[in-house]
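> The following comprises the amino acid sequence and a computationally predicted model.
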Amino acid sequence: MPTSRLIPWWLALASLGGHASLQAAPEPFSCPLQMPLTEQALPAQSLAEVGSGWTSHAARTQHVLTNFAVNSGPPGTPNGEIYDKQEERKDGKGGATRTLSWNLQGMTGGVAICSYFRTRVELVRSLDGYSRCQVVYKRSHNTDFELSSASCQ
């Protein structure tokens with residue numbers, strides 16, 4: 001009498017290595033709140049092109065996170081997505097927290113872009129597989145909103 005060669009469904013799925021439509025979601029990430037300090041001065045060759053009498057000073061610049069965007073196309077294209085939801089909570093002391101959220105369901109080829117103070121360098125990360133991004137701005141009494149965090153999951 002032949003024995004059945006059927007295997008339980010969970011064993012079959014495990015043997016696929018989780019490839020079916022159950023791929024693990026990517027790890028959540030946050031934009032770094034700052035990039036390393038930089039010191040930049042014009043190289044002598046570039047300084048010569050400016051003209052005589054000029055010198056170059058290397059200022060130490062702290063690059064703090066100032067902007068976050070969700071882009072539906074590659075970096076450098078004007079395809080910024082508008083957030084889907086905005087919430088603002090007042091703290092009773094004159095301060096507030098503003099949260100912007102993006103629903104990424106169905107988006108493919110999108111990227112998160114983290115921008116920093118006094119640099120044109122942007123950190124860019126693919127959003128494929130992510131479902132949601134949010135950015136949080138905070139302010140205290142009589143101050144402007146400042147970016148506090150930007151993350152995707």
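Sure thing, it's come through.
> CA only for contacts and neighbour counts going forward, please
Fine.
> For F117, which residues are in contact?
62-66 (C-alpha atoms under 8 Å, 6 or more residues apart in numbering).
> Which one of those residues is nearest to T119?
Set against T119, the nearest of the contacts of F117 by C-alpha to C-alpha is H63 (7.0 Å).
> wait, what's in contact with E87?
By C-alpha under 8 Å, 6+ apart, the contact set of E87 is 98-100.
> Can you add pLDDT and give the contacts of F117 back as JSON lines?
Below are those laid out as JSON lines (pLDDT from 0 to 100):
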{"residue": "Q62", "pLDDT": "81"}
{"residue": "H63", "pLDDT": "90"}
{"residue": "V64", "pLDDT": "94"}
{"residue": "L65", "pLDDT": "96"}
{"residue": "T66", "pLDDT": "95"}
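> Narrow those residues to those in strands?
62-66 (DSSP state E).
> tell me which of the residues you listed is nearest to E27?
L65 (20.8 Å).
> can you pick the most crowded of the ones in strands among the contacts of F117?
Neighbour counts for the ones in strands among the contacts of F117, by other C-alpha atoms under 10 Å, peak at L65, which reaches 21 neighbours.
> Look up the closest residue to that residue, ignoring the ones flanking it.
Y116 (4.5 Å; C-alpha to C-alpha, 6 or more residues apart in numbering).
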